[in-house]
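Novice: Generate coordinates for the sequence data below:
(2 chains)
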Amino acid sequence: MITVESLSKSYGAFRAVDDVTFTARPGRVTGFLGPNGAGKSTSMRVMVGLTPPTSGRATVCGRAFADLPNPGREVGVLLDASAQHAGRTGREILTIAQRTMGLPKRRVDEMLDLVSLSSAEADRRVRNYSLGMRQRLGIATALLGDPEVLILDEPANGLDPAGIRWMRDLLRGHADLGATVLLSSHLLHEIEVIADDLVVIGNGRIVAQGTKKELLAAAGTLVRTREVAALSTALSNAGVAHTASAATGGADALRVEAEAELVGTIALQSQVPLLELRAAEGAGLEEMFLELTADDQRDIRTQGAAA
Amino acid sequence: MTTPTISGTDTLPGTTTPTRRPDHPTPTPIPFARIVSVELRKCFNTRAGFWLMASIAIAGVLATTAVLLWAPDSELTFSTFASAIGFPMATILPIIAVLLVTSEWSQRSGLTTFTLVPHRGRAIAAKAVVTVGISIASMLLAMLFGVVGTLGGSALLDIDPVWDATTIDLANILLAQTLGMLVGFMLGVVIRHSAGAIVAYFVFSFVLTGLSELLASTQEWFTDLQPWVDFTYAQSALFNGSLDSEQWAHLGVTSVVWLVLPMILGLWALMRSEVK
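Specialist: Residues are numbered from 1 along each chain as shown, chains lettered A, B, ... in the order given. Have a look, this model is predicted:
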């Protein structure tokens, strides 16, 4: 269990993390989602005691991280796969962690097997590792102590599709055994397929949180038509809330907060031909996420150029 | 925008979720001795650590050979042989102390170190213990080289072995070696950047000493002041037999100014810093 209460972290006038509160529960994978620079990594560093918070607190397994007697045995942490001594071999890095935690030596080989690093690869220095191999080594370090809580920052970075699939199954398996898994990502689709719960963060603040089911259910219906204005008027006349949607990549879509049947009926009565009518599923979340990302000037320019 | 709270447990089968898996008892705290042994291992299990150790061995063998080949028989004494390995160790080992601290930041391995041992004070204290331990071990190694060299050299050249070091001499040299190692450690703590701290170490040990010598030889007012200001100069007395009370005072004052105060400030900043 991870509990974050009113956590804030400021750098001068800049609030990197602003009043963040959430709980990651045992037996579930909690996705920590947000665009780059949203405050995910800072929040995670505060959780594991590497960064002092400006206010608020975080507990893991019911205690402040620093009060855990042997943190590696209770919390597996992977914050940055590249943060390893480049001059050590992969095996040596695992051995250091194994000795610090006071584990039997065979755990090192077990973990190397688990993350599919061969013996020859394990004896190479990390300097010569690909990002994917570093990521596997980092996951091995995190899982070494058989912890009941996992805190992983962008663990899929650098993994190939098969590797991402492998990691997803691995984390799912851990959660099913009762572990608390918190993983961050800036990719909605990546986290959608594995997470049970979602915490969405933007500009340091939580903008949405809940079970994946709830967040996706809140999305309503997506409708596409060439006569957007006419349909919009008809929906407004019927008192149905709707917004323009960029989910299909064009300007011909609306997201409607009503069942597909009602939308179809309104369209029929107002004689507007539809191109598509379906449950919006991730569309609401996706739009919210795009909005967050769009605050970044670079993305606005790219979108303008593509249009 | 809606922000429903997580109601995850509602959807789980059963009403209670075990917060701890049954086969997982609360672990015992990590003993300090274990952290020390891990930190010791970390000194030498990197490529840099390996080559620094190798360079000491190579320099020691070359110096010992040179002593045997070219030194006059009167110089084939215990202290000559001991310093043949002692000097390279005194120069190179502080770099290991520097890297022991700085690599956690420069190589960013601190992200792992300080999450496995979240009380940074314990990890840093273990590094300090290792630093002092290496000083003592290196002294013993130099003495071993001295004994073997003296016995071997005297047997080889058929002369009497000369044991020209008293216990006080050895204790003083050990103190000097420890101070040198702690300077490396201190620079690592203050600078927390490998390249920067190594440069600082060479400036500290060699450039500053040279400047101080130059100033003392050209400026009369500095000549009397030098022992109170120049840490290396004050330490050099440790290699020349026993110290009088004024020399101890020189050593004490310069140690506080150049070693203890920066170390305290460095540790204070380190404890509050953010590990990224």
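Novice: Can you show me the strands along chain B?
Specialist: In chain B, no strands are found when defined by DSSP state E.
Novice: could you pull out the helices for it?
Specialist: B:32-44, B:47-70, B:78-106, B:110-116, B:120-157, B:167-191, B:194-202, B:208-218, B:220-229, B:231-236, B:245-255, B:261-272 (DSSP state H).
Novice: now for the longest one, which elements pack on it?
Specialist: What that stands for is helix B:120-157. Applying 3 or more C-beta pairs under 8 Å, 6 or more residues apart in numbering or on different chains; DSSP states H and E, one finds that helix B:120-157 contacts helix B:32-44, helix B:47-70, helix B:78-106, helix B:110-116, helix B:167-191, helix B:261-272. Yep, even glycine has a C-beta here, placed from its N, CA and C like the rest.
Novice: Please work out how many residues are found near the closest residue to A:Asp196 other than its chain neighbours.
Specialist: Nearest non-adjacent residue to A:Asp196, counting by C-beta to C-beta, 6 or more residues apart in numbering or on different chains: A:Arg28, 4.2 Å away. Close neighbours of A:Arg28, defined as other C-beta atoms under 10 Å in any protein chain shown, add up to 24.
Novice: Now the residue of the stretch 201-307 of chain A found nearest chain B, what are its backbone angles?
Specialist: The minimum distance from the stretch 201-307 of chain A to chain B, using C-beta to the nearest C-beta, falls at A:Gly210 (4.0 Å). When quoted as degrees, to the nearest 10, the phi and psi of A:Gly210 stand at phi 160, psi -180.
Novice: Distance of A:Ala83 relative to A:Val75?
Specialist: 17 Å (C-beta to C-beta, to the nearest Å).
Novice: quick one, which of these two is more surrounded?
Specialist: When A:Ala83 and A:Val75 are compared on other C-beta under 10 Å, the one with more neighbours turns out to be A:Val75, at 26 against 18.
Novice: and the nearest residue to the more buried one once chain neighbours are set aside, what is it in contact with?
Specialist: Excluding the flanking residues, the one nearest A:Val75 by C-beta to C-beta, 6+ apart is A:Val149, at 4.6 Å. Counting by C-beta atoms under 8 Å, 6 or more residues apart in numbering or on different chains, A:Val149 touches A:Met1, A:Ile2, A:Val60, A:Cys61, A:Glu74, A:Val75, A:Gly76, A:Ala179, A:Thr180, A:Val181, A:Leu182.
Novice: Could you dump those into JSON lines with pLDDT added?
Specialist: Output for these, formatted as JSON lines (pLDDT from 0 to 100):
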{"residue": "A:Met1", "pLDDT": "93"}
{"residue": "A:Ile2", "pLDDT": "97"}
{"residue": "A:Val60", "pLDDT": "95"}
{"residue": "A:Cys61", "pLDDT": "92"}
{"residue": "A:Glu74", "pLDDT": "95"}
{"residue": "A:Val75", "pLDDT": "96"}
{"residue": "A:Gly76", "pLDDT": "97"}
{"residue": "A:Ala179", "pLDDT": "95"}
{"residue": "A:Thr180", "pLDDT": "97"}
{"residue": "A:Val181", "pLDDT": "97"}
{"residue": "A:Leu182", "pLDDT": "97"}
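Novice: Which of those ranks first by neighbour count?
Specialist: Neighbour max across the contacts of A:Val149 (other C-beta under 10 Å) = A:Val181, 29 neighbours.
Novice: Extract the residue ranges of chain A that are flagged as low pLDDT.
Specialist: Across chain A, the ranges flagged by pLDDT under 70 are A:217-219, A:247, A:282-284, A:293-307.
Novice: Skipping adjacent residues, who's closest to B:Phe44 in space?
Specialist: Leaving out its chain neighbours, the residue that sits closest to B:Phe44 by C-beta to C-beta, 6+ apart is B:Met53, at 6.0 Å.
Novice: before we move on, what about B:Leu270?
Specialist: Excluding its sequence neighbours, the residue lying closest to B:Leu270 (C-beta to C-beta, 6+ apart) is B:Val189, at 5.7 Å.
Novice: any idea how far that neighbour lies from B:Ala123?
Specialist: Going from B:Val189 to B:Ala123 by C-beta to C-beta gives 12 Å.
Novice: More neighbours: which of those two?
Specialist: Neighbours per residue (other C-beta under 10 Å) separate B:Val189 from B:Ala123, with B:Val189 holding more: 25 against 21.
Novice: Surely that one is in contact with B:Val101?
Specialist: Yes - assessed by C-beta atoms under 8 Å, B:Val189 is found in contact with B:Val101 at 5.5 Å.
Novice: Quick check: neighbours shared by those two?
Specialist: Residues touching both B:Val189 and B:Val101 (C-beta under 8 Å, 6+ apart) are B:Ile124.
Novice: B:Val260: neighbour count?
Specialist: B:Val260, neighbours per other C-beta under 10 Å, totals 13.
Novice: now swap in A:Ala238 and tell me
Specialist: A:Ala238: 15 surrounding residues under other C-beta under 10 Å.
Novice: just the one 3 residues further on next, same as before
Specialist: When neighbours are counted by other C-beta under 10 Å, A:Ala241 registers 11.
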